[in-house]
Each structure stands twice: as structure tokens, then as C-alpha cells.
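Asker: What follows is a predicted protein model with its sequence.
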Amino acid sequence: MVEESNVSAGEDITPKQDGGVLKKITNEGTGTAKPASGCKVTVHYTGTLLDGTEFDSSRTRDSPFKFQLGKGKVIQGWDIGVATMKLGERAVFTIREDYGYGEAGSPPKIPPKATLVFDVELISWDPENLSGKKDRGILRYPITAGNGFESPKEMAEVKVLLKGTVEGRVFDEREVTFNLGEGKVHDIPPGIDKALENFVLNETSDLELTPEYGYGAEGNAKFNVPPNATLKYTVTLKSFEKIKDRWMLSNEEKVEESKRLKEKGTNYFKAGQYDLALKLYNKVTEYLNGSAGFENELEEERKALELAGHLNAAMCHLKLNNHLDAKNACDSALGIDPDNQKALFRRGQAYLSLSEPELAKADFEKVAALDSTNKAASAQILICNQKLKEIRSKEKQMYANMFEKFAQKDREVSV
């Protein structure tokens, strides 16, 4: 039974400091790490009313309880309380009804407006997977919780302290500032970019990256990281730039930001960093697509920038051999300017790579019709004609073989 005097001695751990969840540690845990939101935690617990009446216990069932922390899978008081615990810690939480089961309670065992007492032991937790897939590609093991709830957005400037290890060897240890999503320029693997979108200010966490989110099949010669290596990092988010969401920008700001992103994307393209350039060109079209309220010269500028974004994205896709995506980007460009020669030519290239020479030829012929001096389009038409000739030859041979087989069967039947 939990005495009222013990309850009042608990520490208020609510973010609002309104006394809704009180905590009293009865057994100190080990280490400093605490589970983060998204982790699957395993606990033992006993729940009682203020008068000591037990209404539930995993200990009685001899079956630990597992749940995903911070995702509303349990009452709010539990999400708040368990997040403050260390491994092996045991604590008593007194949870007011507005952090518990509310005015209705949970009949028949929990009456309306009930304050509840939980004796909880944190047995273990699985790290949170930050990859966005069910591949456990980016695992986070929190060390220091950090401050607040806001995380950096893609393209925001971040300053981080990081230490990377592979097979027990430190290969990278530094403080570095970069724009989120562009870590590759600084030899930072994509898993770090992705993980930082979930960090808060001053958070320190250990990260484990599978090869897909590390340096992949190529490894990293600069750091002597072998191919297909699993990487471990300790990362602290020291600071980050707060950038406005698209909907918060004025139309003038959208145009100016799009110009900046386009220029930066072009620099990456010239350097052969096509994947980074593509991110920025896609951001341009995201800022400007479907935007309303532009007028006169600003609307013309918006349209030209959006068109350039789609055209440049198509070129990046072609360089990266993403031919269907290139075709789709050209379709978007042609939706703005149906006679745009660059869009028609690049879509023709995409169609050729997709083994659609007839569709490709139609696009190249339209380019030639729009500009009779375009020698590149004329050369591509010749290539399409050759491809079509090869296809027809193969079809003719296939049908000839088919008819010969039928004729052979007929002769066998006649005999």
C-alpha cells in the first residue's frame, strides 16, 4: 500500500509542472541512458488505487509488459514517466486522472476521476529505428535527452559533434557544420542526415548504421572504412537553424529561396553530385508548385523557376539512370510549357532508355519540327529508326520461327 505522505514526496516530472505525474525512485538504475520516444520498452508493473487496492499487475501474471514509448500506446502518465527511467530502475508513479484514464475511468476496476499509483521497473528497451522502414537500418540509443521538442528540418544548417567507429576503431571524430541532407559533401553518411531529423537540441545518442545507411558497398577510402561495413556513431546536436515551413513564406520569399536552391543545385550538378543536386531541384518545385497569389512579373518568375526545377531534375534523373522518374519530371515541365524543347528531348532520351523507341521518336520529331537546325534531335531520330528496325527484324524472325513450328507439327500429324 502506498501512503499519502509518500505520494506527496514524489518529484513532479510533468512538462507543465502541474503535479499530474509524481515520481519516487525506489531502486536506482544503471548508467545514464534513458529510452527515447519510439523505443519498444519492457517493464514490470503493479497498479493500485490510492487506497492500495490492486487492479493490475504484470508481476502477478509473471509476464513483462512491452509497449512503444511516446506514441500514445499507453496512458500519458506512463509515456512521461517511463521516459525518465534508467535501465533497471524501479520507481513509483502517482498519476492524476487527467494523465490517466480521465473522468470516465476504466470500469470495472478503475473508477471515474481516479488517481493511480504504479510501481514500475524498467527491464530493457529496444533501440528506436529511425530509417522509416522496417529494416532496423538506423538504430538510436539515447545517452542524453536534450532540450525541447523541436528537431531540425531538411536543408537547415546544423552543428554536430560526432565520433564514428568501425570494428572497434575510431575513423572520424570532429565537430562539423553542414546543411541537413547534404552531409555527403562532408563525408557524412546518409544515415546521420536521416537520424538528425529526429534529434532535439543538445541530444547525444549512439547510432548504429547498416551499410545501406553508411558508406555502402564502396566503403570510404578516406577513412579506411571497408565495403559493406556496419558503422557506430556517437552524435551530439550542438545547434541548428530554424527554417520556415513553405506555408509560412510569402510569395516573394518562395521565389528568392527557390533561386538560392537552384543555384546551389547547379553547383552540385557541375561537381557531379547529381543526387544532392536533385534534392535541391525537387525542393524548388515543392516551394513553387501549385502556389497561388502570384501576379504579373512575380508569376512569370515563379513559372520560369518551377519549369527550370523540373527540367534540371529530369537531367539529374537521366544521369542517375532513373529513367521513369526522368520521364515524369519532363511530363511536369511539359505541363507548364507544352513545346519546351529541353523537356521533349530529355523525355525522348528517357523513352529510349525505357525501350520505347516509338514514343522517343515522336518527341525527337517534335523537337525537330520546332527547330529544324537541331542536329542532336535529328541524330536521335536516326537512332530511334535503327532501334525500331531491330525490333521489327526480331519480331519477323520470331513469327517465322513460330510458323515453322506450326508447319512442322502439321507435317507430323499428316504422317
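Answerer: Sure thing, it's come through. Numbering: from 1, shown residues only.

Asker: The stretch 201-350 of the chain: strands as residue ranges?
Answerer: For the stretch 201-350 of the chain, the strands defined by DSSP state E, counting those that start in this stretch cover 204-209, 231-240.

Asker: Pick the most deeply packed of these.
Answerer: Highest mean neighbour count of the strands of the stretch 201-350 of the chain: strand 204-209, a mean of 22 (counted as mean count of other Cβ atoms under 10 Å). All C-beta atoms are positioned from the backbone trio N, CA, C, and that covers glycine.

Asker: thinking again about what came up before, among the strands of the stretch 201-350 of the chain, which is nearest Phe118?
Answerer: When the strands of the stretch 201-350 of the chain are compared for distance to Phe118 using Cβ to Cβ, the nearest one is strand 204-209, at 27.0 Å.

Asker: Would you map out the domains in this structure?
Answerer: Taking automatic domain parsing as the reference, the chain has its domains at 4-126, 138-240, 246-354.

Asker: remind me which residues of the stretch 251-400 of the chain are low pLDDT?
Answerer: Applying pLDDT under 70 to the stretch 251-400 of the chain flags the ranges 291, 399-400.

Asker: any chance you could map the helices in it?
Answerer: Remark: helices assigned in the stretch 251-400 of the chain by DSSP state H, counting those that start in this stretch are 251-270, 274-288, 296-319, 323-336, 341-353, 357-370, 375-414.

Asker: so who does Leu87 touch?
Answerer: 29-31, 33, 122, 124-125 (Cβ atoms under 8 Å, 6 or more residues apart in numbering).

Asker: looking at the sheet around it, what are its partners?
Answerer: Here Leu87 sits in beta bridges with Thr30, going by DSSP bridges.

Asker: next one: the one 5 residues further on
Answerer: For Val92, the beta-bridge assignment (DSSP bridges) gives partners Lys24, Asp119.

Asker: wait, what's in contact with it?
Answerer: Neighbouring residues of Val92 by Cβ under 8 Å, 6+ apart: 2, 6, 10, 23-24, 26, 117-120.

Asker: can the strands of the stretch 201-350 of the chain go into CSV with extra columns for distance to Ser378?
Answerer: Below are the strands of the stretch 201-350 of the chain laid out as CSV (distance: least, Cβ to Cβ, whole Å):
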stretch, distance to Ser378
strand 204-209, 49
strand 231-240, 50
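
Asker: Identify whichever of the ones you listed lies nearest to Lys389.
Answerer: That would be, of the strands of the stretch 201-350 of the chain and by Cβ to Cβ, strand 204-209, which comes in at 49.5 Å.

Asker: Tell me the spacing between Gly10 and Ala91.
Answerer: Separation of Gly10 from Ala91 (Cβ to Cβ, to the nearest Å): 9 Å.

Asker: Find residues that contact each of those two.
Answerer: By the contact definition Cβ under 8 Å, 6+ apart, Gly10 and Ala91 are jointly contacted by 23-24.

Asker: so what's Gly146 up against?
Answerer: Per Cβ under 8 Å, 6+ apart, neighbours of Gly146: 199-204, 237.

Asker: one more time with 7 Å
Answerer: Gly146 makes contacts with 199-203, 237, as judged by Cβ atoms under 7 Å, 6 or more residues apart in numbering.

Asker: circling back: can you add distance to Lys361 and give the domains of the chain back as a markdown table?
Answerer: Output for the domains of the chain, formatted as a markdown table (distance: least, Cβ to Cβ, whole Å):
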| stretch | distance to Lys361 |
| --- | --- |
| domain 4-126 | 52 |
| domain 138-240 | 37 |
| domain 246-354 | 8 |
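
Asker: of those domains, which approaches Leu382 most closely?
Answerer: Nearest of these (Cβ to Cβ): domain 246-354, 12.0 Å.

Asker: ok, back up a step: including mean neighbour count and distance to Pro189, could the helices of the stretch 251-400 of the chain go into JSON lines?
Answerer: JSON lines is the format used below for these (neighbours: other Cβ atoms under 10 Å; distance: least, Cβ to Cβ, whole Å):
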{"stretch": "helix 251-270", "mean neighbour count": "17", "distance to Pro189": "18"}
{"stretch": "helix 274-288", "mean neighbour count": "22", "distance to Pro189": "13"}
{"stretch": "helix 296-319", "mean neighbour count": "19", "distance to Pro189": "21"}
{"stretch": "helix 323-336", "mean neighbour count": "20", "distance to Pro189": "23"}
{"stretch": "helix 341-353", "mean neighbour count": "22", "distance to Pro189": "29"}
{"stretch": "helix 357-370", "mean neighbour count": "19", "distance to Pro189": "37"}
{"stretch": "helix 375-414", "mean neighbour count": "12", "distance to Pro189": "38"}
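
Asker: Thanks a lot, catch you later.
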